[in-house]
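let me see the structure of the following:
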Amino acid sequence: MPEITRLKEDFGIRQFVMVGDRGMIGSAAIATLRDHGGIDWITALKSTAIRALVEDKTIQPDLSLPAAWLVRAYIFLCMLAHTVEWHLKEAWRELLFTAEDQAAKTTRDPVAPTERSAAAKAKVARRHHADGTPVHSFQTLLTELATIVRNTGHAAGNACRTSAEADAPTFTVTTQSNPLQRRALDLIGQLAV
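Numbering: from 1, shown residues only. Alright, predicted model coming up:
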């Protein structure tokens with residue numbers, strides 16, 4: 001809840017939806033969310049929990065979405081996330097611990113376990129590009145990109161205001177991207193739409 005409160009205050013968000021897989025948003029958290037207000041949630045339930053909701057008439061099976069639709073929607077979202085990740089990894093190949101030469105993909109056995117190429121192993125050993133910039137894993141590159149932010153003044157606080165007065169004019173400040181961040185964003189921009 002402290003993080004939720006901070007997000008609401010820092011960004012002036014009055015209403016939002018949290019989405020989590022089974023176990024990420026448990027019953028204790030849901031009770032707290034209900035009390036807090038302005039927060040909805042989407043989460044998966046175990047079959048025993050669904051059965052209990054049906055038995056105490058909290059939900060009516062004929063009014064709820066068919067389970068097959070929910071499963072298809074969940075699979076679709078997982079596939080979408082995987083597809084986005086795959087395209088990002090392809091675009092950022094030169095920045096990541098992967099081989100940049102893709103010719104080996106066309107000649108390898110598609111069912112045999114993959115092995116890192118000599119070029120990829122060399123990148124891992126060097127840990128830096130020829131120009132001295134670090135080579136990244138997918139996660140560390142995302143972490144690096146997460147430092148690009150836009151701060152905007154809002155009614156809940158006095159950040160990005162010309163003075164501490166509540167009605168002072170607001171302005172926006174966007175952090176400047178470093179060369180690595182600019183390169184990563186440029187590579188994303190080259191993706192075929």
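
which helix runs longest in the protein?
In the chain, assigned by DSSP state H, the helix with the most residues is helix 67-91.

state the mean pLDDT of the helix or strand that that helix is followed by.
Per DSSP states H and E, the first helix or strand lying C-terminal to helix 67-91 is helix 103-107. Helix 103-107 shows a mean pLDDT of 72.

list the contacts of residue 39.
Neighbour list for residue 39: 4, 15, 16, 17, 18, 33 [criterion: C-beta atoms under 8 Å, 6 or more residues apart in numbering]. C-betas here are computed from N, CA, C, even on glycine.

select only the buried ones of these in PyMOL?
In PyMOL, this line selects whichever of the contacts of residue 39 come out buried by 16 or more other C-beta atoms under 10 Å:
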select buried, resi 4+33
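
state the mean pLDDT of the strand or helix carrying residue 7.
Using DSSP H and E, residue 7 sits in helix 2-11. Helix 2-11 carries an average pLDDT of 77.

list the buried residues in that helix.
In helix 2-11, counting by 16+ other C-beta under 10 Å, buried: 4, 8.

and if you look at stretch 141-148?
In stretch 141-148, counting by 16+ other C-beta under 10 Å, buried: 141, 144, 145.

distance of the last one relative to residue 39?
To tie it back to what came earlier, the one meant is residue 145. Plainly put, residue 145 is 27 Å away from residue 39 if you go by C-beta to C-beta, to the nearest Å.

ok so, going back, between the buried residues of stretch 141-148, which sits nearest residue 126?
Nearest to residue 126 out of the buried residues of stretch 141-148 is residue 141 (C-beta to C-beta; 16.5 Å).

so what's residue 42 closest to, chain neighbours aside?
Using C-beta to C-beta, 6 or more residues apart in numbering and skipping the chain neighbours, the partner closest in space to residue 42 is residue 19 (4.7 Å).

and the strand or helix carrying the one you found with helix 67-91, angle?
Assigned by DSSP H and E, residue 19 belongs to strand 16-20. Relative orientation of strand 16-20 and helix 67-91, computed by axes from the mean of the first three to the mean of the last three C-alpha atoms, to 10 degrees: 90 degrees.
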